[in-house]
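Participant: Take a look and give me a structure for this.
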Amino acid sequence: MLDMPIRVRVASAFRANMEPHPAWPHSSERHQRAKLSLAGGVSSPFRAKYPVPLYIAEARGSRFRDVDGHEYIDYGLAWGPLILGHAYPPLVEAIRRQAERSHCLGLQHDLEIEVAEAVQRHVPCAERVAFTSSGSEAVQIALRLARAFTGRTLILKFEGHYHGWMDPVLLSYHPGAGDLPARENGAPVLGSHGQAPNVRENVVVAPWNDLAALETILDRYTGRIAAIITEPVLCNSGCLLPAPGFLAALRSLCDRLGILLLFDEIITGFRMAVGGAQKVYGVTPDLATFGKALGGGLPLSAIAGRAEIMEQIATGRVLYGGTFNGNPLSLAAAACTLAVLLKEDRKST
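Facilitator: Model prediction:
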């Protein structure tokens, strides 16, 4: 069985494709045109809104206006990256200034160091930092680092947590009620057609906030689990806080069993606090991934963690690459975003 939401979203997209909608005639017309060139008529199935995907004319601050003239308060903020809002003037100016110097280098530049040092100063686990372009990429690099460091293969994740769209972790991210395994079964559910079924062999699934079930699963896989990956706050399925003491218990279990603790802070990072959820809860993971808010709306993600784990990149033991890693436009946006967030953080303390 597959995770239900992907089927529902695709079905919704096809429903939206069927007829123009009188309230959004211009969005409807554009969507009919888009279907002839874009697969599904959208660049992500998550944007296939019913009754019709909205086409946006402009956005400023907390609001945007669609091509039919309707104005909206934007609570989604591009799924999270726009922590300073749309077209924030200092951010636009920072991007403009950098674009005049270079918009893509493929070489080193000062902004890489400046932003890495800022992350290092404020994120508890960030002894070393590496940049890439998306949250999905960052998670894959973090898992590779964990497996190489521990010499183990299995990854434990929690039901309902989303760690990107790539095959190795698109498992049990939002399973339908009929697909849920027994509480202590640990069997993952595929998230998409086209995934190789054998990816399930490398992942164990546990229920969120259930320490007893987790301990039972860990006992079953003693000595085989490289890392536990978790959103410190379950943001993919509602917004569920960790039970009191749950994150600290994860830290203790990982220390006792030689497992690395990996926080996926793509959503919580630089949003709950400049130092992320790990700073709020006082629990420091071995590795963490960041994105969305970090880039202020431009594609940027980061992996941060203990030096001895991250240095596997420097030695070449773990391969890490990417044409757009450390892109200067994205890092100019990040430098501006972090400066604003730190200024606001100081005001509130």
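
Participant: Which element, helix or strand, includes Ala288?
Facilitator: Secondary structure from DSSP states H and E places Ala288 in strand 287-290.

Participant: Can you name every helix or strand that that strand contacts?
Facilitator: If contacts are counted by 3 or more C-beta pairs under 8 Å, 6 or more residues apart in numbering; DSSP states H and E, strand 287-290 sits against helix 135-150, strand 260-265, strand 301-305. Where C-beta positions appear, they are placed from N, C-alpha and C, glycine not excepted.

Participant: Adding distance to Gly276 and mean pLDDT as columns, could you present the ones you listed in JSON lines?
Facilitator: Shown next, in JSON lines, are the helices and strands packed on strand 287-290 (distance: least, C-beta to C-beta, whole Å; pLDDT from 0 to 100):
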{"stretch": "helix 135-150", "distance to Gly276": "13", "mean pLDDT": "98"}
{"stretch": "strand 260-265", "distance to Gly276": "5", "mean pLDDT": "99"}
{"stretch": "strand 301-305", "distance to Gly276": "9", "mean pLDDT": "99"}
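
Participant: Present the ones you listed as a markdown table; the columns should include distance to Gly295.
Facilitator: Compiled in a markdown table, the helices and strands packed on strand 287-290 are given as follows (distance: least, C-beta to C-beta, whole Å):
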| stretch | distance to Gly295 |
| --- | --- |
| helix 135-150 | 10 |
| strand 260-265 | 14 |
| strand 301-305 | 8 |
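
Participant: can you list these in a markdown table and add mean neighbour count?
Facilitator: A markdown table is the format used below for these (neighbours: other C-beta atoms under 10 Å):
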| stretch | mean neighbour count |
| --- | --- |
| helix 135-150 | 23 |
| strand 260-265 | 29 |
| strand 301-305 | 28 |
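
Participant: Leu211 contacts Phe246, correct?
Facilitator: Yes. Using C-beta atoms under 8 Å, Leu211 is in contact with Phe246, at 6.5 Å.

Participant: of these two, who's got more company?
Facilitator: Phe246 (19 against 15; other C-beta atoms under 10 Å).

Participant: residues contacting the more buried one?
Facilitator: Residues near Phe246 by C-beta atoms under 8 Å, 6 or more residues apart in numbering: 209, 211.

Participant: Repeat that for Glu114.
Facilitator: Contacts of Glu114 (C-beta under 8 Å, 6+ apart): 331, 335.

Participant: so it is in which element?
Facilitator: helix 110-122.

Participant: quick one: strands adjacent to the strand holding Ala288?
Facilitator: With DSSP bridges as the test, strand 287-290 is paired with strand 260-265 (parallel), strand 301-305 (antiparallel).

Participant: what's the distance between the last one and the middle of its chain?
Facilitator: In this case it means strand 301-305. 11 Å (C-alpha atoms, centre = their mean, to the nearest Å).

Participant: Would you mind getting the angle between it and helix 110-122?
Facilitator: 50 degrees (axes from the mean of the first three to the mean of the last three C-alpha atoms, to 10 degrees).

Participant: and the angle from strand 301-305 to helix 135-150?
Facilitator: Using the same axes, to 10 degrees: strand 301-305 against helix 135-150 is 20 degrees.

Participant: From the contact counts, what lies against whichever helix or strand comes after strand 301-305?
Facilitator: The first helix or strand that comes after strand 301-305 along the chain, using DSSP H and E, is helix 307-315. Under the contact criterion of 3+ C-beta pairs under 8 Å, 6+ apart, helix 307-315 touches strand 128-132, helix 135-150.

Participant: Adding distance to Glu215 as columns, could you present those in TSV?
Facilitator: Formatted as TSV, the helices and strands packed on helix 307-315 follow (distance: least, C-beta to C-beta, whole Å):
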stretch	distance to Glu215
strand 128-132	31
helix 135-150	19
